[in-house]
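Participant: could you look at this predicted model? Sequence included:
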Amino acid sequence: MSDPASFYKVFFPAVPVTAQVQSSGFPFIMNIKALSRLSLVPVALSGQLAFAGNPAKPNVVIFLVDDMGPMDTSVPFITDKDGTPHRYPLNDWYQTPNMERLARVGVRFSNFCAQSVSSPSRASLMTGQNAARHRTTNWIRSESDNRCDYGPRDWNWQGIKRSEYTLARLMKDAGYKTIHVGKAHFGPHRSEGEFPENIGFDVNIAGSSIGEPGSYKGENGYGYIKGTYSRAVPGLAKYHGTDTFLTEALTLEAIGEIDRSVEEGEPFFLYMSHYAVHNPFEIDKRFESHYLADSSKSRAAVGYATLVEGMDKSLGDIMDHLNEIGEAENTLIIFMGDNGGDAPLGPARGWASSAPLRGKKGSEYEGGMRVPCIIGWASPSSRNASQKRLPVKKGGVSTQVCTIMDVYPTLASLTGTPVPADHPVDGQDLSRLLSGKPDTSREEIFMCHFPHQHNGSYYTTYRDGAWKLVYYYNPEHPETPSHVLFNLEDDPFETADLSAERPDVARKLIGDMIASLKRENAAYPVDFEGKTVLPRID
C-alpha cells in the first residue's frame, strides 16, 4: 500500500486513524508479601565487586519477544512531538493487558531500536556491541552459511564465541544464577555459540541453534512429532502429546527455575526468550475467540494475534508469581522485541504490518528496526533498596533514541560489575532515562548495518537524532550506490525522501556512517567479481 491512510481504510474502516491514548483500566496487583531488602554496600575485593551485609541483589528478567514490532500491542508506543503516546488501529486489534500493566509501573521507550533481524540483535544484547562490530550481521541459518549472493564472506556466521564477555558472564560474575529459557539463536550447529551454556548461562531450557519452532503445539511435540523436525524445540519432552502451547511450557519452566533460585538463596538473571511471535503462525486456541469478529483478517493474522496475547499472558504469569513468592519488589523486568514485527498484514516495504510505521522485519525502515521496550520493577516500592539505587518512573515515556545495546551497560551499572577493558561496548547506560529525566549527554545515534538480502537488501541505516540516512550498496552495480534521507521528527512514517532537498545533511551523515563502519571494522558486501564494495561519498 502506498501510504498509511490506505492501510487503515482497508483493514480498519471504522476506526479513527489517530486517537489520543486513554488511561488503562487494567488493575495492577500490588505486592503485599515482599520483604524490604537491606541496603547493599559495595566493597572492592580481589578485582570483583563484593557486597557487605545482605547479599540479596535485585533479580533481573529480560523478557525478549521474537519478531515483535512496536505496533503488535495494545500499548501505544508512537508519540507526537510533545512526547504524548497516541493510539492507532493496530493498538486496538492486539490485546496485551500485562504489557499495559508493566507500562503503568515502568518506562516505555518510543524510539527503541534493534537490528532488523534476529541473530544480530541477540548478539548485540549479549555483547553490548553494534552488529558492525561483532559482525553477526544476518540471521544465522543452523546448517549452512547464509551470507546471500553478495554478502560479505567474512561475516560472523559462527556467532558468539566462548571467549566473549557476554551479558550472561557479566551477571554470573556479579553473583547471579544465569538462566536461559527459550530461543537462543546465538550460533549455528556445532558452533561454540550453539548452546547457551557455552556463553555464560548456568541453565539452558529449550535453547539451541534454531531460530523458529517446528511447531507451537504440545500435541505435535513442538516439531518432534509433527511439524518441521529440523526446527523441533529441544528439552521439553515432558509436554509432548499434551495440549500445552509452547509459550505456556516455557513459562512453566521459567517459573520453576525462579523458584529453584529463590530456594537456593541466589539472585537470578532470567533470560526469558520466547519463540513467539515468530512463524509458523499457529493459532493459540486459548485466545482465538478474541479475534474472530474481524472478518477482514486472515487466519495467519489471527494466529499472529493469538501468539501475541499468549506471550502477554506469559508476562503476566511471571509478574503474578513474583508477587506470590515475595520477589516482585526486588525484580527488574526488561521487556523488548528483538527486531521489527512480522505480522502477516500486507506488503513488507509499505505501511501495513507495523502501520503507521513503514516496513517490517528485515527492512531498512522504522518498522524493521523499531521495537517495543518497557522497563520497570515488577512491584514499585519506595522502601526497596534496589529501587532506591535504580529508581524507575511509573508510567514514564522516553522519546530519546535508545538501542538494544544499552541493556548491557545498564546492567553492568546496576550490579556494579566492571567490564574488561578489551571488551568495547557501544551501548549507553539507561539509568537516567529510567528515572524519568532526559539525558542530555546521550548520543542519539543508531546504525543498522545489513550487507545481506531480506525485505531490504545491502544497506546501512544511520540515524542521528531526527535525521535518518539509508545507504544502498547496490552490489550488482556498485558504481551507482544510492541513498535516501528522512527527517523522522517531521515525517515519522518515512514518506518523503529529502536527499535532493538537503544534500548537505545527507553528505554529513554518509561521512559519519563511513567513519563508524571503519571504527567498528565492519564487513561489507561484494560485487559479482567478489570485490569488496565500500561505501563512498559521491
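Facilitator: Nice, thanks for sending it over.
Participant: buried set for stretch 399-406?
Facilitator: Buried residues in stretch 399-406, counted by 16 or more other CB atoms under 10 Å: Thr399, Gln400, Val401, Cys402, Thr403, Ile404, Met405, Asp406. To be clear about C-beta, it is placed using only N, CA and C from the backbone, and glycine gets the same treatment.
Participant: now the end-to-end length of that stretch.
Facilitator: With CA to CA, to the nearest Å as the measure, stretch 399-406 spans 15 Å from end to end.
Participant: tell me the mean pLDDT for it?
Facilitator: Regarding stretch 399-406, the rounded mean pLDDT is 98.
Participant: what does whatever helix or strand Leu102 lives in contact?
Facilitator: In the assignment (DSSP states H and E), Leu102 maps to helix 97-105. Outside helix 97-105, the residues that touch it by CB atoms under 8 Å, 6 or more residues apart in numbering are 24, 26-28, 73-75, 312-313, 315-316, 319, 333, 335, 372, 374, 376-380, 392, 394-395.
Participant: restricted to buried residues, select these in ChimeraX.
Facilitator: In ChimeraX syntax, the buried subset of these is picked out as below (16+ other CB under 10 Å):
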select :24,73,74,75,312,313,315,316,319,333,335,372,374,376,377,378,379,380,392
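Participant: over to the residue nearest to Lys172 when sequence neighbours are not counted. Which of the three states is it?
Facilitator: Excluding the flanking residues, the one nearest Lys172 by CB to CB, 6 or more residues apart in numbering is Thr178, at 5.1 Å. Three-state assignment for Thr178 (DSSP: H, G, I helix; E, B strand; the rest coil): strand.
Participant: quick one: contacts for Thr178?
Facilitator: Thr178 touches Ala168, Met171, Lys172, Gly200, Phe201, Asp202, Val203, Phe268, Phe269, Tyr271, counting by CB under 8 Å, 6+ apart.
Participant: need the residues you listed in TSV (columns: neighbour count and distance to His449).
Facilitator: Putting the contacts of Thr178 into TSV (neighbours: other CB atoms under 10 Å; distance: CB to CB, whole Å) gives the following:
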residue	neighbour count	distance to His449
Ala168	23	24
Met171	28	27
Lys172	17	29
Gly200	22	25
Phe201	24	27
Asp202	19	32
Val203	19	33
Phe268	25	34
Phe269	29	29
Tyr271	29	25
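Participant: in strands, which of these appear?
Facilitator: Secondary structure defined by DSSP state E assigns Val203, Phe268, Phe269, Tyr271 of the contacts of Thr178 to strands.
Participant: let me know the closest of those to Trp93.
Facilitator: For these, the minimum distance to Trp93 (CB to CB) is 28.9 Å, reached by Tyr271.
Participant: bridge partners for that closest one, pull those for me.
Facilitator: Ile62, His180 (DSSP bridges).
Participant: got the contact list for it?
Facilitator: Ile62, Leu64, Ala168, Thr178, Ile179, His180, Val181, Gly182, Pro196, Phe201.
Participant: any idea how far Ser110 is from the nearest residue to Asn384 once chain neighbours are set aside?
Facilitator: In space, and not counting its chain neighbours, Asn384 is closest to Glu329: 4.6 Å by CB to CB, 6+ apart. The gap separating Glu329 from Ser110 is 27 Å, by CB to CB, to the nearest Å.
Participant: with Leu469 instead?
Facilitator: Distance from Leu469 to Ser110, by CB to CB: 21 Å.
Participant: with Lys508 instead?
Facilitator: 25 Å.
Participant: again with Arg286
Facilitator: 30 Å.
Participant: which one of the two is surrounded by more residues?
Facilitator: Ser110 (23 against 15; other CB atoms under 10 Å).
Participant: low-scoring stretches of the protein, by residue?
Facilitator: 1-56 (pLDDT under 70).
Participant: in it, which spans are helices?
Facilitator: Using DSSP state H, the helices assigned to the chain run over residues 4-11, 89-93, 97-105, 118-127, 131-134, 167-173, 246-264, 299-324, 366-369, 385-389, 407-415, 431-434, 503-519.
Participant: now the angle between helix 299-324 and the third one, please.
Facilitator: Read that as helix 97-105. 50 degrees (axes from the mean of the first three to the mean of the last three CA atoms, to 10 degrees).
Participant: give me the buried positions along helix 97-105.
Facilitator: For helix 97-105, using 16+ other CB under 10 Å, the buried residues are Pro97, Asn98, Met99, Glu100, Arg101, Leu102, Ala103, Arg104, Val105.
Participant: so how far is that helix from its chain's centroid?
Facilitator: The chain centre lies 17 Å from the centre of helix 97-105; the measure is CA atoms, centre = their mean, to the nearest Å.
Participant: against Lys393, how distant is the closest residue to Ser74 other than its chain neighbours?
Facilitator: Distances taken as CB to CB, 6+ apart put Thr96 closest to Ser74, at 4.8 Å, once the chain neighbours are dropped. Separation of Thr96 from Lys393 (CB to CB): 21 Å.
Participant: was I right to think Arg87 contacts Pro76?
Facilitator: Yes: the criterion here is CB atoms under 8 Å, and Arg87 meets it with Pro76 at 4.8 Å.
Participant: related to what we said a few turns ago, more neighbours: which of Thr96 and Lys393?
Facilitator: Per other CB under 10 Å, whichever of Thr96 and Lys393 has more neighbours is Thr96, with 24 against 17.
Participant: who's in contact with that one?
Facilitator: Thr73, Ser74, Val75, Val308, Glu309, Asp312.
Participant: cutoff 6 Å now
Facilitator: Thr73, Ser74, Asp312 (CB atoms under 6 Å, 6 or more residues apart in numbering).
Participant: same check on Asn339?
Facilitator: Ala114, Ser116, Val117, Ser121, Lys361 are the contacts of Asn339 under CB under 6 Å, 6+ apart.
Participant: OK, contacts around the third one?
Facilitator: It refers to Val117. By CB under 6 Å, 6+ apart, Val117 lies in contact with Trp139, Asn339, Gly362.
Participant: return the member of these nearest to Lys437.
Facilitator: Asn339 (28.8 Å).
Participant: and the gap between the closest one and Pro70?
Facilitator: In this view, Asn339 and Pro70 are 11 Å apart by CB to CB.
Participant: repeat for Asp317
Facilitator: Counting by CB to CB - Asp317 and Pro70 are separated by 23 Å.
Participant: with His274 instead?
Facilitator: 17 Å.
Participant: hang on, the earlier thing: closest one of the buried residues of helix 97-105 to Gln387?
Facilitator: Taking the buried residues of helix 97-105 together and measuring to Gln387 by CB to CB, the closest member is Val105, at 10.8 Å.
Participant: contact partners for the closest residue to the closest one other than its chain neighbours?
Facilitator: Sequence neighbours aside, Gly376 is the residue nearest to Val105 in space, at 4.7 Å (criterion: CB to CB, 6+ apart). Neighbouring residues of Gly376 by CB under 6 Å, 6+ apart: Leu102, Val105, Gly106, Val392.
Participant: among those residues, which one sits closest to Ser295?
Facilitator: Closest to Ser295, out of all of the contacts of Gly376 and judged by CB to CB, is Leu102, at 31.9 Å.
Participant: leaving aside the residues next to it on the chain, what's closest to the closest one?
Facilitator: Per CB to CB, 6+ apart, closest to Leu102 is Ile374, 4.9 Å.
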